[in-house]
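A.B. asks: Let me see the structure of the following:
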Amino acid sequence: MTPSSGSMHIRKGAGDALWFLGELYEIKVDGSARGGPTVVQVTVPPGPVLGAPPHVHDSDEVATVLEGTLRFHFGDQTEDAGPGSVLHFPKGTPEWFENTTKQAAKLLIVYGGGRIASFFKEVGEPAKTRTLPPPMAGQPDLEKLGKIAKKYGLEIRAPPQ
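C.D. replies: Model (predicted):
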């Protein structure tokens, strides 16, 4: 069998590293460049901290928890997920996660569409190191973030009160 010319091996520490919403996003596979899925590893600081705000994608998403525990909210459900847990969010599912523990968490996310990598690159800050960024000062501008997100098929919603 001949391997596909699009095959890749992404080594540890490779890929674009961005600081976004107080988290470390490492883009392992940029689907916008390849016309396929996007793969991102996210490191979430200890909580209580809101990870990605409530949002809806125009493609499927699969999240695998690698380390720690995260609380996922999707549709009308809430689930605490630890290492090895896999969550699938079909296109159009309202979802978000938070770290409610005192330990950092890490997850690997596969997005069905490639445009999300371009979104992260536009709104994120190039990481100075592959570590968590300094704590955020204040709250993110969700209105501004929402306007940018629309360009990439993403809808940002207001966080719960």
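
A.B. asks: Tell me where the chain has helices.
C.D. replies: Secondary structure of the chain, counting by DSSP state H: helices at 31-34, 115-123, 142-150.

A.B. asks: ok, the closest residue to V56 other than its chain neighbours - how many residues close by?
C.D. replies: For V56, the nearest residue in space outside its immediate sequence neighbours is E155; the separation is 4.4 Å by C-beta to C-beta, 6 or more residues apart in numbering. Just so you know, the C-beta spots here come from the backbone N, C-alpha and C atoms, and that holds for glycine as well. Applying other C-beta atoms under 10 Å, we find 14 residues neighbouring E155.

A.B. asks: I'd assumed I148 was in contact with E155.
C.D. replies: No - contact criterion C-beta atoms under 8 Å: E155 and I148 do not qualify, at 11.6 Å.

A.B. asks: looking at the helices of the chain, which is buried most?
C.D. replies: helix 115-123 (a mean of 19; mean count of other C-beta atoms under 10 Å).

A.B. asks: Show me what that helix is packed against.
C.D. replies: strand 16-20, strand 23-29, helix 31-34, strand 38-44, helix 142-150 (3 or more C-beta pairs under 8 Å, 6 or more residues apart in numbering; DSSP states H and E).

A.B. asks: pretty sure G47 is touching F97, no?
C.D. replies: No - using C-beta under 8 Å, G47 is not in contact with F97, being 10.5 Å away.

A.B. asks: of these two, who's got more company?
C.D. replies: F97 (25 against 19).

A.B. asks: Could you report the separation of the more buried one from D16?
C.D. replies: F97 is 21 Å from D16, where distance means C-beta to C-beta, to the nearest Å.

A.B. asks: picking that back up, and the helices and strands packed on helix 115-123 as JSON lines, adding distance to V110 and mean pLDDT?
C.D. replies: Shown next, in JSON lines, are the helices and strands packed on helix 115-123 (distance: least, C-beta to C-beta, whole Å; pLDDT from 0 to 100):
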{"stretch": "strand 16-20", "distance to V110": "16", "mean pLDDT": "96"}
{"stretch": "strand 23-29", "distance to V110": "8", "mean pLDDT": "96"}
{"stretch": "helix 31-34", "distance to V110": "9", "mean pLDDT": "80"}
{"stretch": "strand 38-44", "distance to V110": "5", "mean pLDDT": "96"}
{"stretch": "helix 142-150", "distance to V110": "19", "mean pLDDT": "93"}
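
A.B. asks: Fine, thanks again, bye for now.
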